[in-house]
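> this one's sequence-less:
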């Protein structure tokens, strides 16, 4: 029997009348990966915040290596060897500082004057980066890094503390396949060194690769523990949801006329040009690895970046927006990925976040907001998307991640559009929330063309009539979502297939 690095007994936590954790009993063994699965709102984030010192439990106890563990804050948890890499990357990095300062931030915060000499500081930062295979100029500002590189900086910073317990919250959500493999190798090494690892993820591919055991949470309680080989993945999902998860089954409708077209579109000067046709009443998914060009395509279609070459047409007329305002005016909407960076306004309530892009439509003749109309629109979206909340005036940050994502996606589906672009609409949500969002996308697709960008193939298979594959900023595959040759599709995703263009 492997000794438990962390033992949790009877942990409770409530916010006002809302009981979030209701008697959590859990062991986290040293040298093992415990995968934690739970629907959005199950209490996972609150449990993590207690372990890393952000919240104090109302009842129960936590022991670390058999000693009472009651950190008075994140710094205290860190000093005792409990290290957390949060899902929100900006919780783990300071964008205004360079990479070296971020890697040594905890040492600097504790008065580590040793590192105030830049040369020595950068040498130490380079050593930390090398230890986790992070190949990056440590003098670069973090604000200029991609989201994936920020994620790796946060992980490297965490690794510098020689953790007893490492908590990873959706760590691969912004990583490419190669970067994820590097992280997995690092986790394997830490397991061998006796580190207990709590891995929170909705990605079954991650869980199948890493988990020694699976813990399911539902409604603030542990609803299932699965150990031994082979692990019972379907049982873990059933325990998480409280019911069986049914397969997504839909009929592919007859597509309408072309609504949006590109001819000879080149996203980068060095990339191959491609054609794309998106039709009315059609949901098209584009899948590909992180960095394959999906978000670059979204930026061009939405007027945020110019194309290197090529032409676009919307409803048969030339389309070349010079900004998001022109795109929205033409009926092209974009729900951007990374909701906490690009989409959610933390200071606004749910209603304001839902109606934000279309406030002018709820204003009277003198420009004053018609609050009743705004509230009615918000309540309509909340009902359609199944957002779980007390009411539209709740703060947006009171919602779970999955419900925040429903708000971000729902705001753009509330108004009529010609082309709706959804960039990673299922990012960081559980299986049930993913199904809810996917169902709403399909149910509302009749009068527009819909383009869904997703790195996970499972997500594309659940929502799309047609699946396109992007690699190296060009389209390399086109598949009707019916009896798909998955081996060929995956070869195209990974870049190992011969890049022969197929008709769009």
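That came in fine, so what should we check first? Quick caveat: nothing in here was measured; it's all calculated off a predicted structure.

> quick one: contacts for the closest residue in space to residue 308 that isn't next to it in sequence?
Nearest non-adjacent residue to residue 308, counting by C-beta to C-beta, 6 or more residues apart in numbering: residue 266, 4.4 Å away. For every residue, glycine as well, the C-beta is placed using N, CA and C. Counting by C-beta atoms under 8 Å, 6 or more residues apart in numbering, residue 266 touches 272-273, 307-310.

> same deal with residue 219?
Contacts of residue 219 (C-beta under 8 Å, 6+ apart): 22, 42-43.

> how does this protein divide up, domain by domain?
Per the record, the chain has its domains at 1-81+164-245, 94-160, 259-331+418-430+448-504, 339-415, by automatic domain parsing.

> Adding distance to residue 438, write those out as a markdown table.
Putting these into a markdown table (distance: least, C-beta to C-beta, whole Å) gives the following:
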| stretch | distance to residue 438 |
| --- | --- |
| domain 1-81+164-245 | 13 |
| domain 94-160 | 23 |
| domain 259-331+418-430+448-504 | 4 |
| domain 339-415 | 10 |
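
> so which of those domains gets nearest residue 252?
domain 259-331+418-430+448-504 (4.6 Å; C-beta to C-beta).

> can you put the domains of the chain in JSON lines and add mean pLDDT and distance to residue 436?
Converted to JSON lines, the domains of the chain look like this (pLDDT from 0 to 100; distance: least, C-beta to C-beta, whole Å):
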{"stretch": "domain 1-81+164-245", "mean pLDDT": "87", "distance to residue 436": "10"}
{"stretch": "domain 94-160", "mean pLDDT": "78", "distance to residue 436": "25"}
{"stretch": "domain 259-331+418-430+448-504", "mean pLDDT": "88", "distance to residue 436": "9"}
{"stretch": "domain 339-415", "mean pLDDT": "79", "distance to residue 436": "5"}
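
> ok, back up a step: out of the contacts of residue 219, which is most surrounded?
Taking other C-beta atoms under 10 Å as the neighbour criterion, residue 42 ranks highest of the contacts of residue 219 with 26 neighbours.

> Could you pull up phi and psi at it?
Phi and psi for residue 42, reported as degrees, to the nearest 10, are phi -70, psi -20.

> quick one: contacts for it?
Contacts of residue 42 (C-beta under 8 Å, 6+ apart): 217-220, 240.

> farthest pair in these?
220 and 240 (12.9 Å).

> hmm, back to that, going through the contacts of residue 266, which ones are buried?
Neighbour-count burial (16 or more other C-beta atoms under 10 Å) applied to the contacts of residue 266 gives 273, 307, 310.

> would JSON lines of these with distance to residue 477 be doable?
Below are the buried ones among the contacts of residue 266 laid out as JSON lines (distance: C-beta to C-beta, whole Å):
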{"residue": "273", "distance to residue 477": "16"}
{"residue": "307", "distance to residue 477": "21"}
{"residue": "310", "distance to residue 477": "19"}
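
> would you list these in a markdown table and tack on secondary structure?
Listed next are these as a markdown table, based on DSSP: H, G, I helix; E, B strand; the rest coil:
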| residue | secondary structure |
| --- | --- |
| 273 | coil |
| 307 | coil |
| 310 | strand |
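
> Looking at those residues, spot the one nearest residue 337.
Nearest member of those to residue 337, counting by C-beta to C-beta, is residue 307, at 19.9 Å.

> Tell me what the residue nearest to residue 308 is bridged to.
On the basis of DSSP bridges, residue 266 is bridged to residue 309.

> Give the closest residue to residue 198 in space, chain neighbours not counted.
Nearest to residue 198 is residue 167, by C-beta to C-beta, 6+ apart, at 4.6 Å.

> So that neighbour lies in a strand, does it not?
Yes. Membership of residue 167 in a strand is supported by three-state DSSP.

> quick one on the thing from earlier: out of the contacts of residue 266, give me the two with the largest separation.
Farthest pair in the contacts of residue 266, by C-beta to C-beta: 272 and 307, 13.1 Å.

> that older thread, for residue 470, state which of the contacts of residue 266 is nearest.
residue 272 (11.0 Å).

> Can you verify my assumption that that closest one contacts residue 474?
Yes. Residue 272 lies in contact with residue 474 (C-beta atoms under 8 Å); the separation is 4.1 Å.

> residues touching residue 413, list them.
Residue 413 touches 381, 384-385, 420, 440-441, 444, counting by C-beta under 8 Å, 6+ apart.

> Let's have the residues you listed in a markdown table, adding neighbour count, distance to residue 141 and secondary structure.
Output for the contacts of residue 413, formatted as a markdown table (neighbours: other C-beta atoms under 10 Å; distance: C-beta to C-beta, whole Å; DSSP: H, G, I helix; E, B strand; the rest coil):
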| residue | neighbour count | distance to residue 141 | secondary structure |
| --- | --- | --- | --- |
| 381 | 24 | 37 | helix |
| 384 | 15 | 41 | helix |
| 385 | 24 | 37 | helix |
| 420 | 25 | 34 | strand |
| 440 | 19 | 39 | helix |
| 441 | 21 | 37 | helix |
| 444 | 17 | 41 | coil |
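
> Adding distance to residue 303 as columns, could you present these in CSV?
Listed next are these as CSV, based on distance: C-beta to C-beta, whole Å:
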residue, distance to residue 303
381, 25
384, 27
385, 26
420, 15
440, 26
441, 22
444, 23
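
> Quickly note the distance from the residue nearest to the spatial centre of the chain to residue 433.
Closest residue to the average C-alpha location of the chain: residue 427 at 3.3 Å, with C-alpha atoms, centre = their mean. Going from residue 427 to residue 433 by C-beta to C-beta, to the nearest Å gives 11 Å.

> Next, show the common contact partners of these two.
residue 405.

> Am I right that residue 333 is in contact with residue 417?
Yes. Counting by C-beta under 8 Å, residue 333 touches residue 417, with 4.6 Å between them.

> Compare the two (neighbour count), which wins?
residue 333 (24 against 21).
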